[in-house]
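Peer 1: Coordinates only, no sequence provided:
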């Protein structure tokens, strides 16, 4: 019985080629937040990025960041809208004001997510 980490080889035209394969990766789109985390890791945490790549954990980590950040964005946006009185009633009465407030809330929530989840 071969050890768990033993490398096997396949003979091709007299040459022995190692049978190497990457571990199975979870399916999914890493999205905006996952791509931001990937860029941050590449630029600021290159050793951690390389370690996660070689261990096969990078994609799973990026998917988790995307999921967490999306949930956090929805929660923060809803909380900030409630706190600032940004309602459907305001939208029907003054759409321009509503759009401005929602844009500001989203920008604030994005900044919080960037500081809490992405740039850490």
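Peer 2: It's in. Just so it is clear, the model here is predicted, and its values are computed rather than measured.
Peer 1: Give me the residue at the spatial middle of this structure.
Peer 2: The centroid of the chain falls nearest to residue 34 when counting by CA atoms, centre = their mean (2.1 Å).
Peer 1: Thought residue 58 was touching that residue, still the case?
Peer 2: No - counting by CB atoms under 8 Å, residue 34 does not reach residue 58; the two are 10.0 Å apart. In this view, the C-beta of every residue, glycine as well, is placed from N, C-alpha and C.
Peer 1: Can you name the residues that contact the residue nearest to the centre of the chain?
Peer 2: Residues counted as contacts of residue 34 (CB atoms under 8 Å, 6 or more residues apart in numbering) are 62, 63, 65, 66.
Peer 1: any idea which helix or strand comes after the helix or strand where the last one lies?
Peer 2: Going back to what we said before, that points to residue 66. Here residue 66 sits within helix 58-84, counting by DSSP states H and E. Going down the chain from helix 58-84, the next helix or strand is helix 88-93, by DSSP H and E.
Peer 1: With that, I have no additional questions.
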